[in-house]
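> pasting the structure only:
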């Protein structure tokens, strides 16, 4: 799950390989596409893009996204063109029904990052990475009781199996998520 940050995507490709499935945040993608026109046009664009994200297949959704770009000429074309299929990864892996509500947008990660940032903001002098890692571990343990479960958390095993199946190497082993 990424929000389009190029450095994060590059780091993921370096660590996990370029073929690693990525779910782009649909909210960021939509806001990127409709960020320029007038407020009334933005609402129309959001409605059209939400409709595209409700399509059942990636092909249908991509067709609607391209229609939106053509029909609503005010959309940010590069935002609509750039990797729309990455916003449908959960559908492609057949886990959208179970996990889509929680994982189609970055909300669960943003709230975690916000809680961590609040607690670590006043510590600003790190002599090495070890104390920073210990602080992060302590903060995560502190906020863990206040975190909500993602909706459909019991289906995470399905997601794991789908990812393992997709990331198979030529020799039959997996590069990540080894059982």
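The structure has been received and is ready for your questions. Everything numeric in this text was worked out from a predicted model, so none of it was measured.
> going by C-alpha atoms from here, please, whenever you check contacts or count neighbours.
Fine.
> ok, residue 27 to residue 87 distance?
Residue 27 sits at a distance of 10 Å from residue 87 (criterion: C-alpha to C-alpha, to the nearest Å).
> now the common contact residues for those two.
Taking C-alpha atoms under 8 Å, 6 or more residues apart in numbering as the contact criterion, the common neighbours of residue 27 and residue 87 are residue 104.
> so for those two, which sits in the more crowded spot?
Neighbour totals were compared for residue 27 and residue 87, and residue 87 leads with 24 against 18 (other C-alpha atoms under 10 Å).
> look up phi and psi at the more buried one.
For residue 87, the backbone dihedrals are phi -80, psi 0 (criterion: degrees, to the nearest 10).
> what's opposite the nearest residue to it once chain neighbours are set aside in the beta bridge?
In space, residue 87 comes closest to residue 24 once its chain neighbours are excluded; the distance is 4.7 Å by C-alpha to C-alpha, 6 or more residues apart in numbering. Bridge pairing for residue 24 (DSSP bridges) gives the partners residue 2.
> residue 24 touches residue 104, doesn't it?
Yes: here residue 24 lies in contact with residue 104, judged by C-alpha atoms under 8 Å, at a distance of 7.5 Å.
> anything in contact with each of the two?
Contact criterion C-alpha under 8 Å, 6+ apart; residues bridging residue 24 and residue 104 by contacting each: residue 87.
> which secondary element of this structure has the worst mean pLDDT?
Every helix and strand of the chain was ranked by mean pLDDT, DSSP states H and E. The lowest is helix 77-81, at a mean of 57.
> how far does the next helix or strand after that helix sit from its chain's centre?
Past helix 77-81, heading to the C-terminal end, the next element that is a helix or strand (DSSP states H and E) is helix 89-92. Distance, stretch centre to chain centre, for helix 89-92: 11 Å (C-alpha atoms, centre = their mean, to the nearest Å).
> and helix 89-92, what does it pack against?
Packed against helix 89-92, as judged by 3 or more C-alpha pairs under 8 Å, 6 or more residues apart in numbering; DSSP states H and E, are the following elements: helix 96-103.
> what average pLDDT does the helix it packs on get?
In this model, helix 96-103 carries a mean pLDDT of 79.
> buried ones in it?
Buried residues in helix 96-103, counting neighbours by 16 or more other C-alpha atoms under 10 Å, are found at 96, 98, 99, 100, 102, 103.
> and the gap between residue 154 and residue 144?
Applying C-alpha to C-alpha, the value for residue 154 to residue 144 is 18 Å.
> low-confidence ranges, the chain, go.
Scanning the chain for pLDDT under 70 picks out the ranges 3-4, 36-37, 56, 69-84, 168-179.
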